[in-house]
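Asks: This is a predicted model, with the sequence first.
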Amino acid sequence: MVAKTFGSAVSGVNAKLITIEVNVGQGTSFFMVGLPDSAVKESQQRVESALKYFGYRMPRQKVVINLAPADIRKEGSSYDLPIGLGILKASEQVSFPELEEYVIMGELSLDGKLRPVKGVLPIAIEARKQGFKGFILPQENALEASIVNNLDIIGVESLEEAIGFLEGQIDIKPTVTDTRDIFYNSLDHYEFDFTDVQGQENIKRAMEIAATGGHNVIMIGPPGAGKTMLAKRLPSILPPLSLQEALETTKIHSVAGKLSGNSSLIAQRPFRSPHHTISDVALVGGGGNPQPGEISLSHNGVLFLDELPEFKRAVLEVLRQPLEERKVTISRAKISVDFPANFMLIASMNPCPCGYYNHPDKECVCGPGIVQRYLNKVSGPLLDRIDLHVEVTPVKFEEMTSTRKTESSKSIRERVIKGRDLQVERFKDSPEVFCNAMMPSHMVKEICQISPAGKILLKTAMERLGLSARAYDRILKVARTIADLALSDEIKVEHLAEAIQYRSLDREGWAG
C-alpha cells in the first residue's frame, strides 16, 4: 500500500513543500530516495525504535520512501515524524483519514518523544499558502508557528500523541496566539536606556542622528570611555518595528534556530555583537545548506563590531557589498539563496594598540608608525561606507558622579520618529528606500540640495580632508538627516558643518 504525507524543506528564509511517499510491498529491503542526507537516512533507526516503544512494528517487507521533488536535497532530522506516520499507514497498522490535510514535521527520540526543529515559521507560512488544514509539530515549536493565522497549529509531545490525534482518539486544541497583542505589548521593553548614561552628550547626539537616518557609525576612543555601553542602547531609540518587519526578523531567527521555546514573535530590533574571532562565513552566512549569518540575524536591527581592527581583514571586507545592497546572495553550484541584511553597522575601536593615543591624561606608549598601522587594519573602502566617525573621550569624574537626571531613550526616540516620519513621506514613491542612508546617488543630488555658501564650505572640506566621492554623498545624507531632526525643509550651513565634523578618520595626519 502507498501512503502519502507532507513535510517541508527550508531554502534561505522560505520553505518548499515536500511530499513523502511510503510504499510497503513484497521484499525485505529498506530504501530511501529523493536526495536525503545522512541525518534523513538515519531516521530509519529512530523511527523503528519509536514505533516499537509504543507497541507498533516496523514492516519486515520492502519499504520504499520517496521524498519529492527528488532534485531538492533534504537535510536534517525533522522528517522523522512524517516518515513514521507514513509507514504506519502504508503498513495498515492504523487508519489516518485526514493525514494528507496536515503538514507534519518533528524529530523523534528513541522513546518516541518529539524534539524541536528549526524553521517552523516559514514552514507554517508555506502550509497556509498551500491550503493545508493544519501543521502538526513538536509542542516546543507550537508557539513560534502559531503567529500564522488561518492554520491549525497542533503541538504534540510524542509519536503516540500524534497517532491519537490523527485517529480522532485524542482532542488537541490548536495553539492560538494573538500576534498583534504580543507585538504591541513588547514594543517598548528594552533592557538598556540612555538615562543610565552620564555625560557623553556629543556621542548621544551622534547616536540620535544615526538612528534617525539609519546611518552606520564608528566610535573611536580609549578603553573604558563607554563605547560598548552607548552601542547597546542604540536599539532603544530606533523607531519601533512594524508588524511586517517583526515577521521578517522572526522568520530569519526561526530558520537559524535562534528562537527559544517560549517566544513567538520578535517585537524588538535585534542587537548582534559577534566576537572578533568570527569567520567570514559565520558573519555573512553560508554552508553546504546556506544558513543566515550574523548580518542577516541583525536584519532590521544593529550589528555591533567591538574592537574593529581585531577582526580578520577578510571578514571585514565581506561587509562592503551587504552594506550597499542590503542583502546577501549565497551562491552554490545548484542553488542561489538571498538573505535580507538591512542592518545598521555600529563599530568601535581604540585609537592605537595601547588605547591611549590622544588621551587627555594618559600617555600613549606606542612607537612611531604603530598608530597608523593599527588604523590601517580597517580599509578605506569600508570606512567610506560608515557615515559617522565619532571620537569618544573619557567621562570626567564630575559627570560620572552627577545626580542630574539625563534624557531617557523614550524622549530621544520621539524626536527620531518625527525625523523618520519626514523620510517616510519623502520616499513614499520609492519602495526600496526607507531612510536617508539608503538614498542612491541620483536621489542624493535631487533631495540634498545645498546653498552656495554650503557648497563653498563643502568644497573646502573635501579639498582639505581629501574625501572621496562616496564620502561626499555620505556628508550630504547626514546633513539631510540633521535637517530632518531640526524639522527643516532645507539643508542649512550649520547642518552641513555638523555633518562634516563626523568624518574625523578622513583627516590627513589624524594619527600623526
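Replies: Perfect, I can see it now.
Asks: tell me the domain ranges of this structure?
Replies: As given by automatic domain parsing, the domain ranges for the chain are 2-166, 186-420.
Asks: for the stretch 51-200 of the chain, what spans make up the helices?
Replies: For the stretch 51-200 of the chain, helices defined by DSSP state H, counting those that start in this stretch occupy the ranges 80-90, 120-129, 139-145, 159-166, 179-186.
Asks: what's the single longest strand in the protein?
Replies: strand 14-25 (DSSP state E).
Asks: outside of that strand, which residues touch it?
Replies: 1-10, 59, 61-69, 72, 74, 79, 82-83, 86-87, 89-91, 103, 119, 122-123, 125-126, 130 (Cβ atoms under 8 Å, 6 or more residues apart in numbering). Quick note: C-beta positions are derived from backbone N, CA and C, even for glycine.
Asks: Dump the C-alpha coordinates for that strand into CSV.
Replies: Provided in CSV are the C-alpha atoms of strand 14-25 (Å, rounded to 0.1, in the frame of the first residue of the first chain):
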residue,chain,number,x,y,z
ASN,A,14,11.4,30.4,2.7
ALA,A,15,10.0,26.9,2.7
LYS,A,16,9.2,24.4,-0.1
LEU,A,17,6.6,21.7,0.2
ILE,A,18,8.0,18.1,0.3
THR,A,19,5.8,15.1,-0.4
ILE,A,20,6.8,12.0,1.5
GLU,A,21,5.6,8.8,-0.3
VAL,A,22,5.8,5.5,1.5
ASN,A,23,5.3,2.2,-0.2
VAL,A,24,5.2,-1.1,1.7
GLY,A,25,5.2,-4.2,-0.6
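Asks: so that strand versus helix 80-90, what angle?
Replies: 30 degrees (axes from the mean of the first three to the mean of the last three Cα atoms, to 10 degrees).
Asks: what number of residues lie near the residue lying closest to Met400 once chain neighbours are set aside?
Replies: In space, and not counting its chain neighbours, Met400 is closest to Gln198: 5.6 Å by Cβ to Cβ, 6 or more residues apart in numbering. If you count neighbours by other Cβ atoms under 10 Å, Gln198 ends up with 17.
Asks: can you check the one 5 residues further on too?
Replies: A total of 23 residues lie near Ile203 under the criterion other Cβ under 10 Å.
Asks: For the remainder of this discussion, apply numbering that starts at 27.
Replies: Let's use 27 as the start, then, which means that last one is Ile229.
Asks: separation between it and Arg496?
Replies: Going from Ile229 to Arg496 by Cβ to Cβ, to the nearest Å gives 24 Å.
Asks: same thing with Ser135?
Replies: Applying Cβ to Cβ to Ser135 and Arg496 gives a distance of 54 Å.
Asks: Assess the claim that Phe453 and Ala463 are in contact.
Replies: No. The pair Phe453 / Ala463 is not scored as a contact, 11.4 Å apart, by Cβ atoms under 8 Å.
Asks: Which of these two has more residues huddled nearby?
Replies: Ala463 (22 against 18).
Asks: how about the closest residue to Glu458 other than its chain neighbours, what does it touch?
Replies: Distances taken as Cβ to Cβ, 6+ apart put Met464 closest to Glu458, at 7.4 Å, once the chain neighbours are dropped. If you count contacts by Cβ under 8 Å, 6+ apart, Met464 has them with 240, 352, 458.
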